[in-house]
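K.L.:
Sequence unavailable; structure follows:
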C-alpha cells in the first residue's frame, strides 16, 4: 500500500471482491427463490392428486349412501322380489368408475322370519356391472365375515360411514381394495342392514406413484388407523411390499407427523405428505440433492463463469492501469528524487497527453521556481543576519542604558534597590531608572512604550532621557511628566505612547511623592503588613494629549517598608495553555517571598514566572524594580 502499484492492485482487487460477493449473494438468493418454486410445484401436483382422490372417495361415499337408500326402499316395499334388489345395486354402481363392486346386506331374518340370508351383490366386469347370485345362498354366512362384523359394529356405534382395512381381492380382481359401508335403517331408525361399495386402491396407488419427481424419490401410501402399509417404493429399503406395519420403519414417524424433511440411510429427503379421510396417508419423498440438482448446477456454472470473467477483467485492468498510470508515475518519482538530491537541472519529458503530462510540466516549473526561491532566500538570509546583528546591538544599547546596582547605591543604609529587565526576543520599550536628584532625594522611574522593535526602543530612549533631564532640574514629579508629555506629543506621527510611574523619595523623612501616567499600580508593604496594590488614579499615558496636567500622590514610608514596581510583561506572561500570570498570582508570590530577604524577592518572582511559562515563548519584556526604605 506504500506504492501506486500496490494501491492499484488493492483497489482493483477490492472492487473484484465486492463485485464477486454481490454476485454470490444474488446467486444464493435466486437459488433460494428457484428452490421455493420447484418445491411449490411439487406441492401443487400432490395437492391436485389429493383433490382427485378426495373426489373419488366422496363419489364412493355418495354411492354407498345411495345404495343404502335403495336398501331402505327395498326394505319398505311390499313387493320384495329378487329382481328389484338386483336392479337397485346395478343402477347405483354403474356410473362410478372407482367402484369395482358393491351390495346390500340385510341382517338375518330382517326381511322375513323364514329367510336368514337376504343380500344382493354386483361387481364390475369389462366395464359393466354383473350381478353375482352366489352370495344369496344360505351356505354363505356373510354376517359372520370379518368385514361385515366390523361395519355393523361401527355403524351401531353411531358412525355414518365405515371403511375396512385394505385387503387383497383373492377371489376376484386380485387387486388391493377397501370397502366402505353405510347403514340401512327402518322407519323407526332401527339398523336393519348395510350397503357396501368396494373401492379399488390400486388405481390410487398407481396414480400417486406416478408423481415421483426424480428417479430416487419414493412413495408411501398407508392406512394410518389400521397400521397398514399399502405401497412403499424405495429401492434401498424394500420394493413393492404391502401389508406391513408402519412400526417397521422408524423414520415413518416423521412422515406421519407431517415434518417437511426426513433422513433415510443418510440421505436427506423433502417430504410432501397428505392425509385423506382422516385415515389414508400418502407421502411423496424427494432427495434434496436430486430435486435441486439442476438449480445447483446452474448456480455453479453461473458463479464459475462470473469468477473467471472477473479474474480476466482484473488482470486486464491491472496491466492497463500499470501501463497507463504506474509507469509514468514511477518515471516522475525517479525524477523527483533527482530533484530532491539537489539536481535542479533535471529535465522531465513526459508526453502522455493527460494530467500526468501536466504534472511533469509543473515539476519543470517548480524546479525553476525553486532556483529563484533559493536565490531570494540567500538574499533574505543575508539581510536577516544583518538585521539580527543590528537588533543584538540595539538590545545591548538598550540594556546598557539601564542603571546597574553599583556600589554607590548598595552602600546606603537609608534604602535598598534591586531591579531587573528580562528582554523578549525583540527589542522592546520597557525601561527603569533610579538616580539622585540631590543628597536627600532619590528618583525612581519605570515605563513601558507601546509597540515593539526599533521604533519602540527609540521612543523609550527619548522618554527616559527627557524624564531624567527634567528630574535633574529638581522639578516636582507632576511638573516632570507635564513637560515630558508635551515634548513627546510634538512630532509623534507614529501615535506611540508611554505608560510610566515616577516617584521621588526623601531619604530623611521617608516621604514618597509620585505621579502615574497610565501605569500599573505598584505593590507596597508597610510595617508588618503584607504587600498590597497601592490605590491610585492611573492618569493619562504620556504622548497622547499635549495639554494634560498631571497630579501627584504622596505616601509615607517608614522603616522596613518596601515598594514594588513592574510592567505588564510580568502579569501578562503566558503558559502553553494561554493562561496569564495575573496580578493576584504576583501578589501572592511577593507575600510568600517577603520573609526570604530583600535580595530574594525579585529573583524568586523571576523563577516563578519561568516555571509558569514553561515552553511558552516570551512576547514582552519583563521589568521589575524593588525599593526598600531603611531595611535592617
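P.N.:
Nice, I can see it. Because the structure is predicted, anything quoted here is derived from the model rather than measured.
K.L.:
got a list of what the residue in the chain sticking out farthest from the centre touches?
P.N.:
Farthest-out residue of the chain from its mean C-alpha position, per CA atoms, centre = their mean: residue 114, at 95.7 Å. By CB atoms under 8 Å, 6 or more residues apart in numbering, no residues touch residue 114. C-beta: built from backbone N, CA, C; applies to glycine.
K.L.:
Pop out the phi and psi values for it.
P.N.:
phi -90, psi -10 (degrees, to the nearest 10).
K.L.:
Show me what counts as buried in stretch 196-206.
P.N.:
Under the neighbour-count criterion of 16 or more other CB atoms under 10 Å, stretch 196-206 has 196, 197, 198, 199, 200, 201, 202, 203, 204, 205 buried.
K.L.:
Make sure the first one is indeed in a strand.
P.N.:
Yes. With DSSP: H, G, I helix; E, B strand; the rest coil as the criterion, residue 196 is located in a strand.
K.L.:
what about residue 591, is that helix, strand or coil?
P.N.:
helix.
K.L.:
quick one: it from residue 530, how far?
P.N.:
Distance of residue 591 to residue 530, given as CB to CB, to the nearest Å: 5 Å.
K.L.:
biggest helix in this structure by residues?
P.N.:
The single longest helix within the chain, with elements called by DSSP state H, is helix 4-76.
K.L.:
which is the next helix or strand following it?
P.N.:
helix 82-93 (DSSP states H and E).
K.L.:
Give me the contact list for that following helix.
P.N.:
63, 66-67, 70-71, 73-74, 77, 99, 101-104, 118, 120-122, 124, 129, 131, 136, 197.
K.L.:
Could you tell me how many residues sit around residue 123?
P.N.:
If you count neighbours by other CB atoms under 10 Å, residue 123 ends up with 21.
K.L.:
Residue 132 is in contact with that one, correct?
P.N.:
Yes. Counting by CB atoms under 8 Å, residue 123 does reach residue 132; the two are 5.9 Å apart.
K.L.:
From the chain's centroid, how far away is stretch 152-172?
P.N.:
On the basis of CA atoms, centre = their mean, to the nearest Å, stretch 152-172 sits 69 Å off its chain's mean C-alpha point.
K.L.:
do the same with stretch 195-203
P.N.:
Counting by CA atoms, centre = their mean, stretch 195-203 comes out at 68 Å from the chain centroid.
K.L.:
What residues sit buried inside the strand or helix carrying residue 463?
P.N.:
Assessed by DSSP H and E, residue 463 sits inside helix 453-472. Neighbour-count burial for helix 453-472, counted by 16+ other CB under 10 Å, picks out 456-464, 466-468, 470-471.
K.L.:
Output the contacting helices and strands for it.
P.N.:
helix 355-400, strand 430-436, strand 441-449, helix 477-489, strand 498-506 (3 or more CB pairs under 8 Å, 6 or more residues apart in numbering; DSSP states H and E).
K.L.:
Can I get the ones you listed in TSV including mean pLDDT, distance to residue 340 and mean neighbour count?
P.N.:
Formatted as TSV, these follow (pLDDT from 0 to 100; distance: least, CB to CB, whole Å; neighbours: other CB atoms under 10 Å):
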stretch	mean pLDDT	distance to residue 340	mean neighbour count
helix 355-400	70	11	12
strand 430-436	93	46	20
strand 441-449	95	47	24
helix 477-489	95	56	21
strand 498-506	96	52	25
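K.L.:
With distance to residue 264 as extra columns, can I get the ones you listed in CSV?
P.N.:
Conversion of the helices and strands packed on helix 453-472 to CSV gives the following (distance: least, CB to CB, whole Å):
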stretch, distance to residue 264
helix 355-400, 68
strand 430-436, 104
strand 441-449, 104
helix 477-489, 115
strand 498-506, 106
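K.L.:
For residue 341, which of those is the nearest?
P.N.:
Proximity to residue 341 (CB to CB) singles out helix 355-400 among those, at 12.3 Å.
K.L.:
how long is stretch 122-134 from one end to the other?
P.N.:
Stretch 122-134 has its terminal residues 10 Å apart, counting by CA to CA, to the nearest Å.
K.L.:
Equivalent analysis for stretch 71-86, please.
P.N.:
11 Å.
K.L.:
ok, now stretch 513-522?
P.N.:
13 Å.
K.L.:
Could you give the separation of it from the chain centroid?
P.N.:
Stretch 513-522 sits 65 Å away from the centroid of its parent chain (CA atoms, centre = their mean).
K.L.:
same question, stretch 69-88
P.N.:
That offset, for stretch 69-88, works out to 86 Å (CA atoms, centre = their mean).
K.L.:
Residue 255 - how many residues pack around it?
P.N.:
Residue 255 sits with 21 neighbouring residues when counted by other CB under 10 Å.
K.L.:
Three-state assignment for it, please.
P.N.:
Relying on three-state DSSP, one would call residue 255 helix.
K.L.:
burial count for the nearest residue to it once chain neighbours are set aside?
P.N.:
Leaving out its chain neighbours, the residue that sits closest to residue 255 by CB to CB, 6 or more residues apart in numbering is residue 283, at 4.8 Å. Each residue near residue 283 was counted by other CB under 10 Å, and the total is 24.
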